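Enquirer: Any chance you can model this:
(2 chains)
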There are 2 protein chains.
Amino acid sequence: MARWEGNTRERLERAALELFRDQGYDRTTVAQIAGHAGLTERSFYRWFTDKREVLFAGDELQACLEAGIAEVPAGTGALATLMAAFTAVPEVLRPPEMLIELRAVIADNPPLRERSLIKEAMLSEVTTAALCRRGHDEHTARLATALGMAILGSATRRWVLGERADFADLLAGSAADLVAVAADLPPGQGHSGKAPRKTR
Amino acid sequence: MARWEGNTRERLERAALELFRDQGYDRTTVAQIAGHAGLTERSFYRWFTDKREVLFAGDELQACLEAGIAEVPAGTGALATLMAAFTAVPEVLRPPEMLIELRAVIADNPPLRERSLIKEAMLSEVTTAALCRRGHDEHTARLATALGMAILGSATRRWVLGERADFADLLAGSAADLVAVAADLPPGQGHSGKAPRKTR
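Expert: Numbers count the residues shown, from 1 in each chain, chains lettered A, B, ... in the order given. From the prediction side, this is the model:
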């Protein structure tokens, strides 16, 4: 636990994951989690609104992406904006072995799976709205969000699966793979007439 | 109602949407829907397992895409396979004015919104699995699914919003727009080393 020792929130997250793994999510109480971490229930509720939120890092990724997007210079293209914002993501990612356990708990529990999908959908909505506020039209913002989330999801998955590259390199690699997959589209596809506004 | 008259399932769908709009989803019973359509409850349950499924066209889109993918010649690239499969989609799409009402009912009701997200996630899983069975590696299959679903979602949204082009043209236009948005990525991105297998 070296790196996370002493960090109250991560101690609670680790304690929760251990109990969820050993006795199941439904049978675990907030009091048990706090006790297992050697902390009080009150400490728990300082970090998380309920037992479920301990699995979702309290909307940290959403805040991180919104802040990252806000820092990108005006006039940057929609997808380039997201790629720049993703450089802040490693700071909120948990270590791979924690993410693996966390994903196993979620996969095992249908209400948690639903919650996870809702969080993802909310993240996409927030990202699309942030791009629209920066002057991108909604059509472009939605497509850029879909591409960005596919790249982020792919890079995170490879990281969880054990690829030990720098996260920026994983992102760049997944972006390159996405472009290679898109190259599959027949050339000379028609155009919707709604040209994405290139602001870069 | 011309085009859909006489089709039992669409009569039930229209009756359900009218009642959901006029008196709310939660206050509407299956008996009322059947009565409003001039049919029996038994007819309703021949088509739908419950009240909720009337909004989701009974997994028709999933069956349509799986059948469409199976018909694509072996050796076709992953995304090209999905684009070919999408040509069968218009057959299961409801008319725009029905889709607009349907989306409004779903947007208004959190449990239905969750259900809708779960259906979408299931559709992506099924599509990814179908591509893997055709010999594409999982990494490529997931990226192609993300791109394909973004294109399909964009084309459907434009269709619902009133663009009256042929659905194949909407798909081609959204695909071209997606490629334009992807062009935003900095050139010379690193590569993950897991080259997507090009089978075309």
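
Enquirer: can you tell me which helix or strand A:F44 belongs to?
Expert: For A:F44, the enclosing helix or strand under DSSP states H and E is helix A:41-47.

Enquirer: For A:A74, which non-adjacent residue is spatially closest?
Expert: A:R134 (7.1 Å; CB to CB, 6 or more residues apart in numbering or on different chains). (Each C-beta comes from the backbone N, C-alpha and C, glycine too.)

Enquirer: OK, contacts around the one you found?
Expert: A:69, A:74, A:81 (CB atoms under 8 Å, 6 or more residues apart in numbering or on different chains).

Enquirer: how about 10 Å then?
Expert: A:R134 makes contact with A:69-70, A:72, A:74-76, A:78, A:81, A:141, A:199, according to CB atoms under 10 Å, 6 or more residues apart in numbering or on different chains.

Enquirer: Okay, now the unreliable bits of chain A?
Expert: Filtered on pLDDT under 70, chain A yields the residue ranges A:1-6, A:58, A:186-200.

Enquirer: Which segments of it make up each domain?
Expert: For chain A, the structural domains run A:1-51, A:56-182, going by automatic domain parsing.

Enquirer: if you compare these, which one is most tucked away?
Expert: domain A:56-182 (a mean of 18; mean count of other CB atoms under 10 Å in any protein chain shown).

Enquirer: starting at the chain centroid, how far to that one?
Expert: 5 Å (CA atoms, centre = their mean, to the nearest Å).

Enquirer: What's the end-to-end length of it?
Expert: 31 Å (CA to CA, to the nearest Å).

Enquirer: For the helix or strand hosting A:S154, C-alpha coordinates in PDB please.
Expert: In this structure, A:S154 sits in helix A:138-160 according to DSSP H and E. What follows is helix A:138-160, C-alpha atoms only, in PDB (Å, rounded to 0.1, in the frame of the first residue of the first chain):
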ATOM      1  CA  GLU A 138     -23.200  20.300 -31.500                       C
ATOM      2  CA  HIS A 139     -22.800  17.800 -34.400                       C
ATOM      3  CA  THR A 140     -19.000  18.200 -34.300                       C
ATOM      4  CA  ALA A 141     -18.900  18.200 -30.500                       C
ATOM      5  CA  ARG A 142     -20.800  14.900 -30.300                       C
ATOM      6  CA  LEU A 143     -18.600  13.200 -32.900                       C
ATOM      7  CA  ALA A 144     -15.400  14.400 -31.200                       C
ATOM      8  CA  THR A 145     -16.700  13.200 -27.800                       C
ATOM      9  CA  ALA A 146     -17.400   9.800 -29.200                       C
ATOM     10  CA  LEU A 147     -13.900   9.600 -30.700                       C
ATOM     11  CA  GLY A 148     -12.300  11.000 -27.600                       C
ATOM     12  CA  MET A 149     -14.100   8.600 -25.300                       C
ATOM     13  CA  ALA A 150     -13.200   5.600 -27.500                       C
ATOM     14  CA  ILE A 151      -9.500   6.600 -27.400                       C
ATOM     15  CA  LEU A 152      -9.600   7.200 -23.600                       C
ATOM     16  CA  GLY A 153     -11.400   3.900 -23.000                       C
ATOM     17  CA  SER A 154      -9.000   2.000 -25.200                       C
ATOM     18  CA  ALA A 155      -5.900   3.500 -23.500                       C
ATOM     19  CA  THR A 156      -7.300   2.900 -20.000                       C
ATOM     20  CA  ARG A 157      -8.100  -0.700 -20.900                       C
ATOM     21  CA  ARG A 158      -4.600  -1.300 -22.200                       C
ATOM     22  CA  TRP A 159      -3.200   0.200 -19.000                       C
ATOM     23  CA  VAL A 160      -5.400  -2.000 -16.800                       C
END
